[in-house]
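**Q** Attaching a predicted model along with its sequence, questions to come.
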Amino acid sequence: MGGGVIVPIALTFGVIGFIIGDTISLKKTKLYTFMATGLTLLLSLVLTYVAAVLIFGVNVIDKMISGLQQTQEFISTTLVEFGELPENVLAQMDDIIAFYELAIPSFIIIVSFGFAFLIVVLNLFVVKRFGYDPPRFPLFRNMKLPVVLLWSYLFVMLLPLFATPAQGSTMELTIVNASVILRFLFFIQGISFLHYYLNEVKLPKWLIVISTLVAILLSQLTVLLGVLDVGMNIRAWI
């Protein structure tokens, strides 16, 4: 019904369905199912991207960067027409576009695993409705990242101070993507700690939802909270 364009999507979801069914039949944990689904989806996206470039000559990433550059030109032109082009704004826009171009791999990884999480949750809900007993995730508020990720994060943050990477180099690419992924993980850890604390003080669920929204808006503080939770074990004080 959808034509040839839908074939990669159909194949991807077919493989994901097999992976989820296989992990359930082998009685794997829900975390194992989630990781297997995320890796499968990530690999499928990479293969689809490579096939689109080699077979159809379509580079989605280049089109995204071109779209950002066109948006930059439109904004700068609009500001010039109104006579309010701030100083260094074009340089700042160039830096933002360069950052997003470097961080595309980490964004793809985060989106892949985020979408995989939704797929697993929805499918295991359907499995449960069919009378099976699917695996369950541990409570989100009890989540605890390994300390090695904290040391990795500190290493990635401090590395540019001792060795400035060349623009567009592999080192810069690695630092940018590692920092994005690690910051996202500590952001999730910060929200987990917030849920743990609010549950311990017996606050109502609607307040937990509002607090989560505030934590998303104050993401910088939430990341710091996640770092402290892993590094200092502040849950023990509670």
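**A** Noted; the coordinates are in hand.
**Q** Please report the distance of residue 206 from residue 15.
**A** For residue 206, the distance to residue 15 equals 40 Å [C-beta to C-beta, to the nearest Å]. From N, CA and C alone the C-beta is placed, and that goes for glycine too.
**Q** So what does the closest residue in space to residue 198 that isn't next to it in sequence have for phi and psi?
**A** Leaving out its chain neighbours, the residue that sits closest to residue 198 by C-beta to C-beta, 6 or more residues apart in numbering is residue 208, at 4.9 Å. Note on residue 208: backbone dihedrals following degrees, to the nearest 10 are phi -60, psi -40.
**Q** is it true that residue 208 touches residue 200?
**A** No: look at residue 208 against residue 200 with C-beta atoms under 8 Å: they stay out of range, at 11.6 Å.
**Q** about what we covered before: can you pick out the residue with more neighbours from residue 206 and residue 15?
**A** More crowded of residue 206 and residue 15, by other C-beta atoms under 10 Å: residue 15, with 15 against 8.
**Q** check contacts around the more buried one.
**A** By C-beta atoms under 8 Å, 6 or more residues apart in numbering, the contact list for residue 15 reads 40, 44.
**Q** do residue 27 as well
**A** Neighbouring residues of residue 27 by C-beta under 8 Å, 6+ apart: residue 135.
**Q** And for residue 104?
**A** Residue 104 neighbours (C-beta under 8 Å, 6+ apart): 61, 64.
**Q** and it, what element?
**A** Taking DSSP states H and E as the definition, one finds residue 104 inside helix 89-129.
**Q** next helix or strand past that helix?
**A** Sequence-wise, the next helix or strand downstream of helix 89-129 (DSSP H and E) is helix 147-162.
**Q** Counting neighbours, what do you get for residue 36?
**A** 18.
**Q** do residue 174 as well
**A** Residues within reach of residue 174, counting by other C-beta under 10 Å, total 15.
**Q** what's the pLDDT at it?
**A** In the prediction, the pLDDT value recorded for residue 174 is 85.
**Q** Show me what the helix or strand hosting it is packed against.
**A** Residue 174 belongs to helix 170-200 when assigned by DSSP H and E. Under the contact definition 3 or more C-beta pairs under 8 Å, 6 or more residues apart in numbering; DSSP states H and E, helix 170-200 sits against helix 89-129, helix 147-162, helix 205-217, helix 219-232.
**Q** how about it: buried residues?
**A** Within helix 170-200, the residues that count as buried by 16 or more other C-beta atoms under 10 Å are 172-173, 175-198.
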